[in-house]
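Q: fold the following and give me the result.
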Amino acid sequence: MKRKLRVRQAQTVLPFGVGAVLDVQGESFVAAGIGNWPQTKTPVTSERLATRLGVTGFYAAPHTLNDRYDTPDRPGVPYVRFPGWLFCGACRTMVRFLREQEKPGEPPVCASCAAAPRLTPMRFVRICADGHLDDIDWWYWAHSRLTPEERAACSEEKRAWQARRLTFRVADRASGLEALSVRCGATGAAGGSCGAERDLLDVLGPQAGRCSGRNPWQRWDERATCGQQVHHVQRTAGNVYHPVVYSALDIPQTAEAPRAERDAAESVRGHNLWSILLDALGTDREETFRSMIKADTGAADDVVDRLVAEATGAPAPQPASLPGEPKIDLSRDEWYAFDAQHLPEASPEFAVRRGRLGLDAETEEPWASLDAHIGGVVLVDRLREVRALTGFRRHSVNGTLVPADTSGGLRWLPATEVYGEGIVLTLDEERLTAWENDPRVRTHVQHISADLDASFRDEQLAETVGAELSPRFLLLHTLAHLLIRQLSFDSGYTTASLRERVYGRPEHDQRGLLVYTAAGDAEGTLGGLVRQGEEPHFAETLIRMLEAAAWCSADPLCAEHTGQGFGNLNRAACHACTLLPETSCQTGNTLLDRALIVGSARVPGYFADVLTASREYAAATALG
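A: Predicted coordinates for the structure are as follows:
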């Protein structure tokens, strides 16, 4: 019996990266750490991402030249069989399958049955908050209701880890977990049968016992001392594996300053105190004039320092990071590339061009109102994204981070590069600023921000949303979700094929979003998404998106909700109207509120007047 178990190269980072449990063709495996990867690997370059993560570089899994995987025995990314406990569906015998029993190309089969049926992995495993994963001690589970003396009388007690007389039974007159039980058929006291048995009714949840302090691919001498409580879960449960993945777009370097810095620089140079400040450098009056110029222009200290250095011929100062901000913000450079006055020249990894809604001379509603709310459109004909796996957590997203290299001796990370296309949508700066300064909007967002501060995901999401949750981030994030759902109807891509990048941090003058497709194991896509971003398709898409967002099948419950979703971090957002597959969302389907788009009784929507004009136009058209 020969079979080939395949994992695509892109899947070795997500969703089947280091530490993940893989179910394939009735068998179950766990991905080993990168210390066990073969010497033959594919280099992946991304200097910005490597600097951000503090590593020397990235490698992808070995690639293949054809669909037959080149040669049968070519080394690839290692996956270790897990759980080790298997059972036969015919005779119900449980087997502890060891690594030395593996036969290349053949699944494990039952040696007790004449037909040699394939063995099935046990459904339950144990994990802990420190990121360890191990088999459940099924021998102890079957004997856990006995006294220590009765357990010691079992002939398998000395080799409990490899108990050979266990059976996984199914009762005919029960249902659910109560119908399943593990029974010991070894010899007991006075030469009789042990007969210890316990059902699985209470198998899920926290359990007594000591954690092994290791993962299945680690050697026994690599185990750590772990004092965490163990939890029994199903091996495919969502809390078994929480990967930590960072991604960055491959963008060309540009010498052009960001638009916000250029505007601030012009304001500083044109200030009537600028020349006086230059004359007062090095005196007690310097700080006074600097403060007055900053107050009038809103320029940051680093902008004034740079202009002073240019005027005096001094070396340019190094830019400082904002408090609480990582030294390298991956989204900042990406936004500057999309918002540049002169877009970067096309390259094999990055090709962008300006798009239009085609509504410049439009006076008819709702098109005129829509055009006034949109700042611009940039079409991304080609982009390259690098996704790197730094590690994983188990049991909860705030558990201990287990690095991808559990040996701790490597300075590189597993990564994959993907190519795709996208649409960048920016909002009008003046309208956006006026909207988010509305007291009703600020009060509404403060309640969501309070829920975020109380959530354990606060630190996890800080790099995405910034030091403080802003109204524009919630608006742009919700808009990205609604746009992806609408584009899935218009472009032919599924929602799981599209991803978002939200640029909503006011400290960087961000006011846009990127919806893109980056397909693994493919050299780009067919251009369907960019086609939908061209005129007149995109304007029609936006109007249909707003009309769809105004109504949800769960309304009025959804529209009036004051806290739903994970940690109550969503408001008017549910599966029927806004949520996406979690691989498409930067924040795990949190921080969403449809009311900020279309409006409600409590808060004005940014596009509320566009939606009203669209409804009036539709009513007038229907009435002739």
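
Q: what residues does stretch 495-505 touch?
A: Contacts with stretch 495-505, where a contact means Cβ atoms under 8 Å, 6 or more residues apart in numbering, come from 249, 331-332, 334-335, 338, 464-466, 470, 472-477, 480-481, 484-485, 487-488, 510-519, 529, 580-581, 583-586. The way it works is simple: take the backbone N, C-alpha and C, and place the C-beta from them, glycine included.

Q: now do the buried residues in that stretch.
A: Buried residues in stretch 495-505, counting neighbours by 16 or more other Cβ atoms under 10 Å, are found at 495, 497-505.

Q: likewise stretch 235-254?
A: Residues of stretch 235-254 classed as buried under the neighbour-count rule (16+ other Cβ under 10 Å) are 235, 237, 239-251.

Q: buried stuff in the single longest helix found in the chain?
A: Ranked by number of residues, the top helix in the chain under DSSP state H is helix 471-490. The neighbour-count check on helix 471-490 (16+ other Cβ under 10 Å) flags 471-488, 490 as buried.

Q: related to what we said a few turns ago, as JSON lines, the buried residues of stretch 495-505 with distance to Gly567 would be great.
A: Putting these into JSON lines (distance: Cβ to Cβ, whole Å) gives the following:
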{"residue": "Thr495", "distance to Gly567": "23"}
{"residue": "Ser497", "distance to Gly567": "28"}
{"residue": "Leu498", "distance to Gly567": "25"}
{"residue": "Arg499", "distance to Gly567": "23"}
{"residue": "Glu500", "distance to Gly567": "20"}
{"residue": "Arg501", "distance to Gly567": "23"}
{"residue": "Val502", "distance to Gly567": "19"}
{"residue": "Tyr503", "distance to Gly567": "24"}
{"residue": "Gly504", "distance to Gly567": "19"}
{"residue": "Arg505", "distance to Gly567": "21"}
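
Q: of all those residues, which two lie farthest apart?
A: Ser497 and Arg505 (26.6 Å; Cβ to Cβ).

Q: separation between Thr93 and Lys158?
A: If you measure Thr93 against Lys158 using Cβ to Cβ, to the nearest Å, the figure is 20 Å.

Q: the two: who's more crowded?
A: Set side by side, Thr93 and Lys158 show more neighbours around Thr93, with 19 against 9, by other Cβ atoms under 10 Å.

Q: any idea what the more buried one is bridged to?
A: Residues in a beta bridge with Thr93, per DSSP bridges, are Thr167.

Q: other SSEs contacting the longest helix of the chain?
A: Identification of packing neighbours for helix 471-490 by 3 or more Cβ pairs under 8 Å, 6 or more residues apart in numbering; DSSP states H and E yields strand 412-427, helix 429-436, helix 439-454, strand 499-503, strand 512-519, helix 528-532, helix 537-549, helix 595-598.

Q: what about the second one, average pLDDT?
A: Which is helix 429-436. Confidence over helix 429-436, taken as the mean pLDDT, stands at 95.

Q: other SSEs contacting that helix?
A: Packed against helix 429-436, as judged by 3+ Cβ pairs under 8 Å, 6+ apart, are the following elements: helix 471-490.

Q: the inter-axis angle of the helix it packs on versus helix 429-436?
A: 110 degrees (axes from the mean of the first three to the mean of the last three Cα atoms, to 10 degrees).

Q: and the angle for helix 471-490 with strand 412-427?
A: Taking the same axes, to 10 degrees, one finds that helix 471-490 is oriented at 90 degrees with respect to strand 412-427.

Q: residue with max distance from the center of this structure?
A: For the chain, the C-alpha lying farthest from the average C-alpha position belongs to Ala190; by Cα atoms, centre = their mean, that distance is 58.1 Å.

Q: doesn't that residue belong to a strand?
A: No - applying DSSP: H, G, I helix; E, B strand; the rest coil, one finds Ala190 to be helix, outside a strand.

Q: show me the shaky parts of the stretch 301-450 of the chain.
A: Low-confidence segments of the stretch 301-450 of the chain (pLDDT under 70): 313-328.

Q: all helices for it, in order.
A: With DSSP state H, counting those that start in this stretch applied, the stretch 301-450 of the chain shows helices at 301-312, 330-339, 367-373, 429-436, 439-454, listed in chain order.

Q: export these to CSV and tack on mean neighbour count and distance to Gly599?
A: Written out in CSV, the entries for the helices of the stretch 301-450 of the chain read as follows (neighbours: other Cβ atoms under 10 Å; distance: least, Cβ to Cβ, whole Å):
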stretch, mean neighbour count, distance to Gly599
helix 301-312, 16, 36
helix 330-339, 21, 27
helix 367-373, 18, 13
helix 429-436, 16, 11
helix 439-454, 16, 10
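
Q: got TSV for the ones you listed, with distance to Phe607 too?
A: Compiled in TSV, the helices of the stretch 301-450 of the chain are given as follows (distance: least, Cβ to Cβ, whole Å):
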stretch	distance to Phe607
helix 301-312	33
helix 330-339	21
helix 367-373	6
helix 429-436	10
helix 439-454	13
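
Q: out of the ones you listed, nearest to Thr45?
A: Evaluated over the helices of the stretch 301-450 of the chain, closeness to Thr45 peaks at helix 330-339, with 15.3 Å, by Cβ to Cβ.

Q: where does the chain have low pLDDT?
A: Low-confidence regions of the chain, defined by pLDDT under 70, span residues 1-3, 64-75, 253-264, 313-328, 519-526, 624.

Q: burial of Cys226, as a residue count?
A: Cys226, neighbours per other Cβ under 10 Å, totals 18.

Q: what's the spacing between Val77 and Glu197?
A: 40 Å.

Q: quick one: which of the two has more around it?
A: For the pair Val77 and Glu197, the greater number of neighbours falls to Val77 (22 against 17), based on other Cβ under 10 Å.

Q: how's the protein carved up into domains?
A: Taking automatic domain parsing as the criterion, the chain consists of the domains 253-329, 344-395+415-623.

Q: check the ones you listed for me and report the most buried one.
A: Of all the domains of the chain, domain 344-395+415-623 has the most neighbours on average by mean count of other Cβ atoms under 10 Å, namely a mean of 19.

Q: now do the end-to-end distance for stretch 192-206.
A: 33 Å (Cα to Cα, to the nearest Å).

Q: do stretch 15-28 as well
A: End-to-end distance for stretch 15-28: 15 Å, by Cα to Cα.

Q: one step back: which of the domains of the chain sits closest to Arg81?
A: Distances from Arg81 to each of these were compared using Cβ to Cβ; the shortest belongs to domain 344-395+415-623, at 18.9 Å.
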